[in-house]
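**Student:** Predicted model follows, preceded by the sequence.
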Amino acid sequence: QVQLVESGGGLAQNGGSLRLSCTASGNVFNVNSMGWYRQKPGEERDLVATMVTNSQTNYADSVKGRFTISRDNDNTVSLQMDDLKPEDTAVYSCNLRQRTAHGNYEYWGRGTQVTISS
């Protein structure tokens, strides 16, 4: 089992910045990717940014140029969010995908609320 704990959400103004962090603990091995997803009210959860273990990154078009994902160490992934907009308001959840000889596993954090005021 892997546990993911997010931190850094909160309230920011239009054009402001926030930094989210996610730390994994437990059986953290054979990690294929870590990343962030978000869910806006009344919508499905969507990809924000992911980083594969070879450092390849993938961003949603809506955040390209504004958000930056980074791996601080083997167990921590961060999301620097700049030039925030009210439409970025959502619950942001950390995601970890693990590939083992016994199968592929996916884990989610509980999520952290990000609210951007106009």
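**Tutor:** Great, that's in hand.

**Student:** Least confident secondary structure element in the chain?
**Tutor:** Least confident helix or strand, the chain: strand 67-73 with a mean of 92, by mean pLDDT, DSSP states H and E.

**Student:** Count the residues that sit near the closest residue in space to residue 10 that isn't next to it in sequence.
**Tutor:** Closest residue in space to residue 10, ignoring its immediate chain neighbours: residue 18 at 6.5 Å, by CB to CB, 6 or more residues apart in numbering. From N, CA and C alone the C-beta is placed, and that goes for glycine too. Per other CB atoms under 10 Å, the neighbour tally for residue 18 reads 21.

**Student:** Who does residue 18 form a beta bridge with?
**Tutor:** Beta-bridge pairing of residue 18 under DSSP bridges involves residue 81.

**Student:** ok, now which ones touch residue 62?
**Tutor:** Taking CB atoms under 8 Å, 6 or more residues apart in numbering, we find residue 62 in contact with residue 87.

**Student:** Apply 10 Å and report the result again.
**Tutor:** Shown in contact with residue 62 (CB atoms under 10 Å, 6 or more residues apart in numbering): 38, 46, 48, 85, 87, 88.

**Student:** Burial check on the first one, number of neighbours?
**Tutor:** Taking other CB under 10 Å as the criterion, the count of residues near residue 38 is 23.

**Student:** Quick check: it is in a strand.
**Tutor:** Yes: judged by DSSP: H, G, I helix; E, B strand; the rest coil, residue 38 forms part of a strand.
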